[in-house]
Every structure is written in C-alpha cells, then in structure tokens.
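[1] Provided below for reference: sequence and predicted model.
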Amino acid sequence: ARKIPFEDPQVLLYVRIAYVAAQVIVIGTYYYTSLKIKAKNDQTVLKYGEPAHSYPPLAFSDSIRPVEAPQPFSQESGQLVTTTVRDYDLSETSKLLRAAYMGVAMMAFMHLYMKYTQPLFIQALMTLKNLYDAKLVAIHVLGKKAEGDLKRPFTAPAMFGAQTGPATDAASIAEAEKRIANKKDD
C-alpha cells in the first residue's frame, strides 16, 4: 500500500471505487445470506450455555431486561439460551451487518475528515477477506455443511489463540437448566 501513488487523483478515484465496490459486495452478500436463512426457515431447536462474560443478544428481544453482570474471568457459566437455528443465524447475520456498517462509518471519518487514503485500499481487501471467513456465508451461500468449525453455536478465537464461545456440552446445558429451575422455585 505504500508504493501506490495516492497523490495521483486517478489512482485515488480507482481505490475509492474499489472500496465502495467491496463494501457493496459484502453488504449485498450478507443481505442475500439473511434472505437464504429466512427462505430455509430451519426451526431446529438450538440449546447452548451463553458464556458468562457475554451479554444477551438484543436483535430479537421484545424488551430490555436488566441483567446481572458476571465478574470477568470467573468460572461460573452463563445462562441457558434456547433458540432456533433460523433465529440464531439471523442474529449472527445482524452482527456481521453491524460490523460492516461500523467499518464504513469509521472509514468515512478517516478518509473524508482526516484525509487518510491508505486505509481505503487495505479495508477493501480486509472486508473481502472477512466475507470469505464468515461462517454463515460458508453455510448458506457456499453450501458447506454445518459441522466442525461451522457447527452452531459458533466459537470465536480469543486474543491469545484459545477458542471461546457458548458451551454446548450436555453438562453445561443441564447445569444451566438446573439454575433456571432453582430460580423458579425461589
């Protein structure tokens, strides 16, 4: 990116066009993915223990409820989440779209207000790489099976390489169900 002559108005125009084209491709693909999810309408029940450090998804909630914030780095498991594959995939697609919109907003600020040009080129490439790495796109657009790394609920790599994510083992789900039953008894 350092060898590209961004001072040349013609080169800058092409880089801007490439950035906008990459963003249109990514956002369009995410919308297409959400349409495929809605058309498939997979009502398979998905149960998992939400990690204690994450917050409840707001994409499909009817009201905002106060939630006790667990202590960071604690060993306690989170709440039991029961949803469908369709709703889970739509909430994940919503997260991908929000990330894409946030990237566009940050680039607009950096390029239009601060006059940075190099990040345009890099972000055009990075958004296409993120599109290729998106698990929902691999499942619904590329037609890969939802197994292995693509198994729901998805795990995200942590800062130091360890996988973090929802607990899907039977013991964690049973423990979360017991906690819910105990709360109802109280």
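    Received the coordinates, thanks.
[2] quick one: buried residues of the longest helix seen in the chain?
    For the chain, the longest helix by residue count, based on DSSP state H, is helix 9-40. For helix 9-40, a neighbour-count test (16 or more other CB atoms under 10 Å) marks 12, 15, 18-19, 22-23, 26-27, 29-30, 33-34, 36-37 as buried. To be clear about C-beta, it is placed using only N, CA and C from the backbone, and glycine gets the same treatment.
[3] would you map the helices across this protein?
    Using DSSP H, the helices found in the chain span residues 9-40, 85-108, 118-133, 135-140, 170-185.
[4] in this structure, what secondary structure element scores lowest on mean pLDDT?
    strand 163-164 (a mean of 57; mean pLDDT, DSSP states H and E).
[5] in the chain, where is pLDDT below threshold?
    Along the chain, segments meeting pLDDT under 70 span 1, 51-78, 157-183, 185-186.
[6] hmm, 50 instead?
    Filtered on pLDDT under 50, the chain yields the residue ranges 60-67, 69, 75.
[7] tell me how many other residues crowd Ala124.
    Ala124: 21 surrounding residues under other CB atoms under 10 Å.
[8] can you read off the backbone torsions of Lys151?
    Dihedral angles phi and psi of Lys151 (degrees, to the nearest 10) take the values phi -70, psi 140.
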